[in-house]
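Chemist: Quick one: sequence and predicted model below, then my questions.
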Amino acid sequence: MNKLQNFSLGVGLRTQHYTYLLNNPAEVDFFEIISENYIDNFGFGRMVIEHLRKDSPFVMHGVSMSIGSTDPINKVYLKKLLELAEFIQPEWISDHLCWTGVAHVNTHDLLPLPLNEASLSHVTNRILEVQDILKRPLVIENPSTYLEFDSSDIPESIFLAELVERTNCRLLVDVNNVYVSSHNHSFDPIEYIQNLPCHAIQQVHLAGPTSFRHLLVDTHDQPVPQKVWELYKLVHQATGGVATLLEWDANIPEYPELIKELYIAKDVIKDNIPNTSIYDAISNYTVNPAVNQHIDANYVFKA
């Protein structure tokens, strides 16, 4: 398929927008679904997808593959994922560099893993197994993280680059996650982007975080801030443009407002970057990341 090789703009399909989308033009190049929301779900949502799929391609984004877990690959889950893909006919299937459970218990959280040669070998073998079952390259997203492991000795961007080299997987670069993690762990987000193999970047995610003073949290409920837009422009320059998706999962605006935020990407690639601040949950006001750069290492947790 790969209808979305070049610069294109999309949004995540959310139930709040079903009625609007059944009665109005989509105004996007593609939609992304959260796979788990439609697995074993044969109700109204699938009818909406059938309606939208007439004019718009779809991609599938998962949160339960648990590619970093020590549990065996969940073959039942992958079977259901393939059945959904048969219905959706997605351009690609993505999930996160994380683990979501152990001992067959799903925590419904995207948990970080130690980044070292042992975990790299482990995740490599699991990606190869999944790709063999799905019969397509897996697209892996960088997570937002709030702790690091003392046993980690490979930077996450290098870890992802090595996964591409060993498995021929693709990357979903969430530039908000890059910024959130760089703030929380005091690394250079620009260097992170530069370390990634740009030829393997299949998709970009945009979103807005929330500041809790010394910690940024990937809340997906705010406008995209200036620093995230700057990283997005850097990725766009490196790739020449790829599928770009705006995530918004709480305090979801009306669909026209969502599209207005998405379309800012068209201005950003022309170097018109908005001076949007980050929402500060503690003081209930916004802070400008271009001014407030201080990170206190005492508040960066390690495990």
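Modeler: Okay, I see it.

Chemist: Do a quick rundown of the helices in the stretch 201-303 of the chain.
Modeler: Ranges of helices in the stretch 201-303 of the chain, per DSSP state H, counting those that start in this stretch, are 226-239, 255-262, 264-268.

Chemist: Would you mark the buried spots in the last one?
Modeler: Right, the one you point to is helix 264-268. Residues 264, 265, 268 are the ones in helix 264-268 that count as buried (16 or more other C-beta atoms under 10 Å). Every residue, glycine included, has its C-beta placed from N, CA and C.

Chemist: my read: the last one touches residue 232, true?
Modeler: Yes: the pair formed by residue 268 and residue 232 meets the contact definition of C-beta atoms under 8 Å, at 6.0 Å.

Chemist: I'd assumed residue 176 was in a helix, is it?
Modeler: Yes: with DSSP: H, G, I helix; E, B strand; the rest coil as the criterion, residue 176 is part of a helix.

Chemist: okay, now it: neighbour count?
Modeler: By other C-beta atoms under 10 Å, 28 other residues sit near residue 176.

Chemist: Using PDB, write down the CA coordinates of stretch 150-170.
Modeler: This file holds the C-alpha atoms of stretch 150-170, laid out as PDB (Å, rounded to 0.1, in the frame of the first residue of the first chain):
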ATOM      1  CA  ASP A 150      20.900   2.100  36.100                       C
ATOM      2  CA  SER A 151      21.600  -0.900  33.800                       C
ATOM      3  CA  SER A 152      20.900   1.100  30.700                       C
ATOM      4  CA  ASP A 153      24.000   1.900  28.700                       C
ATOM      5  CA  ILE A 154      22.600   2.600  25.200                       C
ATOM      6  CA  PRO A 155      20.900   5.900  24.400                       C
ATOM      7  CA  GLU A 156      17.300   5.300  23.300                       C
ATOM      8  CA  SER A 157      17.800   6.900  19.800                       C
ATOM      9  CA  ILE A 158      20.800   4.600  19.200                       C
ATOM     10  CA  PHE A 159      18.800   1.600  20.500                       C
ATOM     11  CA  LEU A 160      16.000   2.400  18.000                       C
ATOM     12  CA  ALA A 161      18.500   2.900  15.200                       C
ATOM     13  CA  GLU A 162      20.000  -0.500  15.900                       C
ATOM     14  CA  LEU A 163      16.600  -2.100  15.900                       C
ATOM     15  CA  VAL A 164      16.100  -0.800  12.400                       C
ATOM     16  CA  GLU A 165      19.400  -2.200  11.300                       C
ATOM     17  CA  ARG A 166      18.700  -5.600  12.800                       C
ATOM     18  CA  THR A 167      15.100  -6.100  11.900                       C
ATOM     19  CA  ASN A 168      14.300  -3.700   9.100                       C
ATOM     20  CA  CYS A 169      11.400  -2.300  11.200                       C
ATOM     21  CA  ARG A 170      10.200   1.200  10.700                       C
END
